[in-house]
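Chemist: please find the sequence and the predicted model below.
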Amino acid sequence: MSVFMDLNLTFTGDKDELRKLVETAAHLGYSTVAINYVFEPDTKKKTPVPTPLPISELIQTPPIVQGRSQPIKILNRLTIMMSDSSHYRASCPEYRHYDLLAVQPDTDKLFLSACMTYDIDLICLSVSDRLPFFYKRAPVFGALERGVAFEVSYSAAIRDSTRRRYTLANAMFHSDICKGKNMVVSSAAEKALEIRGPYDVMNLTQLFGLTERCGKDAVTTNCRSVVLHGESRKTAGGIIRTFKRPDTAQINLSEDCPASKRARADITEGN
């Protein structure tokens, strides 16, 4: 049985509405959701990165997933709205508070950097409006090789007919470039009425130009790959130093020998 995921439930500050969103997602059959904190840095002054609220404070008891006997898994996600290269800080410690890290670039140069160099999990595509720039296959394939996925959201198409046309056209443009690889479809819902069931989303992806198989991967396998990529991004930052332990029989344990003192200290620490 497939594990469905929605990696974009927009955090608006209304905890009651957020609880309804999570409960609706669980009722529709989603096993994993991500609460998305949208961060728009100020170019003139250094805006601090928001800290996510503890899951236990938002939802004390996670609801049970429909058709499964386990509670829904809730992740925290940060999306950086980028209009300048300084908005992404590679060594920012606050990024580690989030399970997933995404960026939404506004220019072709930022899009290229996000695809080729940024240590992120998702690249958000603004499909609900006219594309601010056009991109080519080379940076997209570079992102795919690094395991970075592209996200298309559908909730804006529910709110407005004009955005619906843009969403369909832009999603088809991207699916034609990436051929459905590493493409994630999420809701970006702010209210419970804006989220749709996973099978409805799979049908919607066919309007995006995806095949039936790619449409299913967009809400299952590709989402799981993004979650695993986020886990490795948070943990793959350590350094291991190894050295050969000296043989005690070959060490001169003389009290006056500085090398012997260092060797005894190494042996003591090793034991």
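Modeler: Everything's here; your move.
Chemist: where does this structure dip in pLDDT?
Modeler: Within the chain, the ranges that satisfy pLDDT under 70 run 1, 236-271.
Chemist: so where do the strands sit in it?
Modeler: Along the chain, counting by DSSP state E, strands occupy 4-10, 30-39, 73-82, 100-105, 122-124, 149-153, 183-186.
Chemist: which among these is found nearest to residue 235?
Modeler: With Cβ to Cβ, the closest approach to residue 235 among those belongs to strand 100-105: 13.6 Å. Quick note: C-beta positions are derived from backbone N, CA and C, even for glycine.
Chemist: tell me which residues are up against that closest one.
Modeler: Contact with strand 100-105 is made by 7, 34, 36, 75-82, 88, 95, 110-111, 113-114, 118-126, 151, 226-227, 230, 233, as judged by Cβ atoms under 8 Å, 6 or more residues apart in numbering.
Chemist: so it versus strand 73-82, what angle?
Modeler: On the basis of axes from the mean of the first three to the mean of the last three Cα atoms, to 10 degrees, strand 100-105 is oriented at 30 degrees to strand 73-82.
Chemist: number of residues surrounding residue 90?
Modeler: Close neighbours of residue 90, defined as other Cβ atoms under 10 Å, add up to 8.
Chemist: which residues does the closest residue to it other than its chain neighbours contact?
Modeler: Residue nearest to residue 90 in three dimensions, not counting chain neighbours: residue 119, with 6.5 Å by Cβ to Cβ, 6 or more residues apart in numbering. The contact partners of residue 119, taken as Cβ under 8 Å, 6+ apart, are 90, 101, 233.
Chemist: nearest to residue 130 among those residues?
Modeler: Proximity of the contacts of residue 119 to residue 130 (Cβ to Cβ) peaks at residue 101, which lies at 26.5 Å.
Chemist: measure the closest one to residue 136 for me?
Modeler: Distance, residue 101 to residue 136, using Cβ to Cβ, to the nearest Å: 24 Å.
Chemist: the two: who's more crowded?
Modeler: Taking residue 101 and residue 136 together and counting by other Cβ under 10 Å, residue 101 has the greater number of neighbours (22 against 11).
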